[in-house]
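> return a 3D structure for these sequence lines:
(2 chains)
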2 protein chains.
Amino acid sequence: MSIDISVPNRRATVPVNVGGVVIGGAAPISVQTMTKTQTEDVSGTLAQIERAAKAGADIIRVTCDTREAAVALRDIVNGSPIPIVADIHYDAPLALLALEAGIQCLRLNPGNITDKGKVADIAREAKARDVPIRIGVNAGSIPQRKDLERGRGASIDAAAQNMVDAAMGHIRILEELNFRNIKVSLKASDVLTNIAANRKFAALGNRYPLHLGLTEAGPVDSGSVKSAMGIGILLAEGLGDTIRVSLVGQPEDEVRVGRQILSNLQEKGEGPNLVACPTCGRLEIDMFPMVKRVETALADVQRTITVSVMGCVVNGPGEGMHADIGIAGGKQKGILYRNGAVVASLPEAQLIDMLVEELAEIAAEDRRLLAEGKPLPRGLADREGSIRLPVTAG
Amino acid sequence: MSIDISVPNRRATVPVNVGGVVIGGAAPISVQTMTKTQTEDVSGTLAQIERAAKAGADIIRVTCDTREAAVALRDIVNGSPIPIVADIHYDAPLALLALEAGIQCLRLNPGNITDKGKVADIAREAKARDVPIRIGVNAGSIPQRKDLERGRGASIDAAAQNMVDAAMGHIRILEELNFRNIKVSLKASDVLTNIAANRKFAALGNRYPLHLGLTEAGPVDSGSVKSAMGIGILLAEGLGDTIRVSLVGQPEDEVRVGRQILSNLQEKGEGPNLVACPTCGRLEIDMFPMVKRVETALADVQRTITVSVMGCVVNGPGEGMHADIGIAGGKQKGILYRNGAVVASLPEAQLIDMLVEELAEIAAEDRRLLAEGKPLPRGLADREGSIRLPVTAG
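Down below sits the predicted model:
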């Protein structure tokens, strides 16, 4: 489910519709990912798409690099719970086959197809089917200009301009064919170039929605930090309508990080939120296993709720009072808070058991409500919970 | 070692000096962390400080919550390779003991100390020793205002204003004592409040350096994403002079993420940089183990160098040409690039062996140069490397 973020002055764009998922305009920001299977393997690809959709992907891209892959797209589109984007590079016939297979978006750079008659065929067919085209420029795959330095020392501004020029070249080819159902991505593998390229593109004043991402961000841990910055800084400025995090990992990892990025920019967060202190020498309870247990319990909760697990009495009570439910450690005994009030002062082992038990109850409640098609409440709502102990002297 | 980042219009601040590490002004951004040991345990605390310093911490904070901790600070300061900040909460005598122990910065909110005479004593002693005071406001630990809503739905603007008001209250107490050797932190556990509070503070127009961080960001993975955004968005706007990432993890984890955040904002990156594709259905080589091997080999390299490991011929050659050294997969055979030129076309197993071997040689070269006190070259410099094969037909 795409996510409404809270940023001022979002760039005005003309929305495109990818199989029911609106990108741009006032639409919430959607999260995309890409399959890492061979597209010819329909069941393997659909299994991966299922997992990505379950993790919260709104749209998924699959490569379409062979005739067999293009043919397989029909079954993939039919079996997928979310819209499919076909990734085409140089091969015009594959684009036409993908459109016939029913894909909901094409990723294609028309400048890479030398036969302009074939580009016209693709644009005509995409228009007839109301399928948008994503133009996607990656810093690494555009021809290297002789006047640019190589490597990280290269001028960021010049590299960004090169990317924007490449994107505009592709856009003009489609505009000349009177095709404007376009979204655009400009991706680099470093944060500053990525930011510069998208700012430059936005400054041109056109209204094509932006798909944000860093290419080749690397392994999950460092790649998450890179992506959070390269995407998050732009989103905070009001740029970007859909995002994809690229990691050396599973599509679910990409979706999880993408959704984290968006949820950090939500004024009213959606889903569970865990506030946990970093631990320090003031630590009075054993935080690591406690945080782990709460994190595991919280993974099954689906509603919007803030849970705090704090190790000491300096920041613990404040966070506990602000959270929907929280515990703050103390010497021997800690405190449990619900809805901004102290409900119990107990030894830590009991405290954590109670918190985990209540989270399990909430998770069950969420599952039941969703199965019944009912909306989820925010926080604890009016549930009494399993914790109804009087406060005892700490 | 603190890091020069490339952001326009950095906020002008009057620098403070924490035991030789300059914070603010034109100084590079420093990375801080906090010990998680009991401060009374001198050898355990020093061992943790050593590890944090080795990971790249510029400054480290230790809690000073008991008389024994304050006394232990003398040995900790003497044994530490980096400056020590003592964390004081309500106890004025502990602040004086910490100053006598030789700590290089105090973190203390003077408004929390009721006896104003004692605050004057601390300010006088800090001034005599040229020790700065960090005023540190955490959203969770300031008194809750009745007019603010509870939970994530609370007005971000009002919460941010509350934090700024609290910080200004503490600052005024020190200013009235004619103490201005101050740096300030305003931390929340959510990204939007954190950003709003620091922007509001900067808009006041004073020149106190800002220490940035999110409090209680949570476990390492989601906490890294949160911190990258809550800190990175502000840095990109020119706000912030020193940073600390707070994670439920080891100080080394905090330092690693902090340095990643800064290095993503460097125009000329310092240290090794791995560009690796996220893999997709175009994949022609087995990326995961290859990236893992390169990552491991690269961990020992210290110079500034970009290495790319790409799975296919779409983005691979471009990234390979831009990197100092890189491989791009292909059917059966892949290509190895050095300094922007193709140097070999070989089966993937051979390719990866050669890359890892060259990285090991570079790591050894870096160790030797550093031991000899010589500067590290950037990239491959003029080394010929172990790879001198002619290009064979792919």
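> take the lowest-mean-pLDDT helix or strand in chain A, keep the C-alpha atoms, and write them as CSV.
None of the helices or strands of chain A scores lower by mean pLDDT, DSSP states H and E than helix A:316-322, at a mean of 72. C-alpha atoms of helix A:316-322 as CSV (Å, rounded to 0.1, in the frame of the first residue of the first chain):
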residue,chain,number,x,y,z
GLY,A,316,12.5,6.2,29.8
PRO,A,317,9.6,7.8,31.5
GLY,A,318,9.2,10.5,28.9
GLU,A,319,9.3,8.1,26.0
GLY,A,320,7.0,5.7,27.9
MET,A,321,4.4,8.5,28.4
HIS,A,322,4.6,9.5,24.7
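> how about it, does it get close to chain B?
Yes. For helix A:316-322, a contact with chain B is found by Cβ under 8 Å from any Cβ of the partner chain, at A:Pro317, A:Gly318, A:Glu319, A:Met321, A:His322. To be clear about C-beta, it is placed using only N, CA and C from the backbone, and glycine gets the same treatment.
> one more: stretch A:354-365?
No. Shown here: stretch A:354-365 not in contact with chain B (Cβ under 8 Å from any Cβ), separated by at least 15.2 Å.
> what residues sit buried inside that stretch?
A:Met354, A:Leu355, A:Val356, A:Glu358, A:Leu359, A:Ile362, A:Ala363, A:Glu365 (16 or more other Cβ atoms under 10 Å in any protein chain shown).
> any idea of the mean pLDDT in stretch A:237-247?
Per-residue pLDDT values over stretch A:237-247 give a mean of 97.
> which parts of that stretch are buried?
A:Glu237, A:Leu239, A:Gly240, A:Asp241, A:Thr242, A:Ile243, A:Arg244, A:Val245, A:Ser246, A:Leu247.
> which ones among the residues you listed come in contact with chain B?
A:Ser246, A:Leu247.
> with distance to A:Gly329 and secondary structure added, can I get the buried residues of stretch A:237-247 in a markdown table?
Below are these laid out as a markdown table (distance: Cβ to Cβ, whole Å; DSSP: H, G, I helix; E, B strand; the rest coil):
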| residue | distance to A:Gly329 | secondary structure |
| --- | --- | --- |
| A:Glu237 | 39 | coil |
| A:Leu239 | 42 | coil |
| A:Gly240 | 40 | coil |
| A:Asp241 | 43 | coil |
| A:Thr242 | 42 | strand |
| A:Ile243 | 37 | strand |
| A:Arg244 | 40 | strand |
| A:Val245 | 34 | coil |
| A:Ser246 | 39 | coil |
| A:Leu247 | 35 | coil |
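> between the buried residues of stretch A:237-247, which is closest to chain B?
If you rank those by distance to chain B using Cβ to the nearest Cβ, A:Ser246 comes first, at 3.8 Å.
> can you tell me the closest non-neighbouring residue to that closest one?
Closest residue to A:Ser246 apart from its sequence neighbours, by Cβ to Cβ, 6 or more residues apart in numbering or on different chains: B:Pro278 at 3.8 Å.
> which SS class is the one you found?
With DSSP: H, G, I helix; E, B strand; the rest coil as the basis, B:Pro278 sits in coil.
> which SSE is the most centrally placed residue in chain A in?
Central residue of chain A (Cα atoms, centre = their mean): A:Gly258, 2.4 Å from the mean position. In this assignment (DSSP states H and E), A:Gly258 forms part of helix A:251-263.
> so what secondary structure elements neighbour that helix?
Contact analysis of helix A:251-263 by 3 or more Cβ pairs under 8 Å, 6 or more residues apart in numbering or on different chains; DSSP states H and E lists strand A:30-34, helix A:42-55, helix A:220-236, strand A:242-244, helix B:220-236 as its packing neighbours.
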